[in-house]
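> Fold the following.
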Amino acid sequence: RYTRRVADLGRAALIIAFGLALYAAVGGSLAAREGRRRLHESARNALVGAFAATVVAALVLLDALHRRDFSFTYVAEHSARQLPFPYSVSAFWGGQEGSLLLWLLVLTGLGSIAVTLNRGLIRNLLPWTVPVLGGVATFFAFLLVFVSSPFERQVAPLDGNGLVPSLQNPYMMIHPPLLYLGYVGLTIPFAFAAGALLSGRFDEVWIVATRR
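I've put the predicted structure just below:
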C-alpha cells in the first residue's frame, strides 16, 4: 500500500508540474501579448510551482531507489540489491525516464532562479521570457506524464537488473549532472533571447541579464 501511494504521489506531482508549466506558457503568452501584469506574475509563480512539484517527484524516485523498491519498473531495470548506495543515486539518471526527470528538475530550477532574480526586467521589458521557459518545460513534463513515466509499477522481482557498468564509476556520478547543467542551462539565454525578439527589444539588455 505504501508503494502504491508513493507512486501515485510521484505521478500526481508530475501531472501538477505539467499543468503549471502549461499555464506558465499559455498564461504568460496572454500576459505578454495583452500587457496584463497580474497574469504575468501568476505565470511566473506557476513556473516556480512547477519546480516545486518536480522536486517532489524527484524525491519520490530517489526514495524508491534507496529502498530498492523493485515494484517500480524503473528501479528494477536500473538498480539491484548488491548495488552500493552511491551508485543507487546514479541510477536516478541511468535510464531514459530518470534522465528526463533530471532534465525537467534542472530546467525548472534554473528557470525559476532566472525569472526570480530578473523579475523586474522580465515584467517590464522581456515578458515573453516566462512563456518561452514554460513552453520548454511543458514539453519535457508532457514526456514524463504521457510517454516515459518513471513511476510505472509491476510485480516486484526478487532482484533488479543492476546499473549499467559504465555508470559504476565515481566520475560518472558527477558527469551526467554537470553535463545536464550545461545543456539545460543554455535554455536560459535562449529564453531571454527569444523573449527579446518577441518583445521587439533588439538592444543588449537581455545579454547583460543572462551573462551571469
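> Need the pLDDT of the nearest residue to Phe85 once chain neighbours are set aside.
Excluding the flanking residues, the one nearest Phe85 by Cβ to Cβ, 6 or more residues apart in numbering is His66, at 7.6 Å. Using the backbone N, CA and C atoms, a C-beta is placed for each residue, glycine as well. His66 carries a pLDDT value of 91.
> how much space is there between His66 and Pro86?
11 Å (Cβ to Cβ, to the nearest Å).
> out of the two, which sits in the busier spot?
His66 (13 against 10; other Cβ atoms under 10 Å).
> Quick check, that one in contact with Ala91.
No: His66 is beyond contact range of Ala91, at 10.0 Å (criterion: Cβ atoms under 8 Å).
> Does Ser99 touch Ser90 like I think?
No: checked against Cβ under 8 Å, the pair Ser99 and Ser90 is beyond contact range at 11.4 Å.
> Please say which of those two ends up with more neighbours.
Shown here are Ser99 and Ser90; by other Cβ under 10 Å, Ser90 has more neighbours (26 against 16).
> wait, what's in contact with that one?
Leu163, Leu167, Gln168, Met172, Met173, Pro176 (Cβ atoms under 8 Å, 6 or more residues apart in numbering).
> Please tell me how far Thr73 sits from Ser90.
18 Å.
> what's the nearest residue to Leu121 if we skip its chain neighbours?
Leaving out its chain neighbours, the residue that sits closest to Leu121 by Cβ to Cβ, 6+ apart is Ala209, at 5.6 Å.
> Many thanks, I have nothing further to ask.
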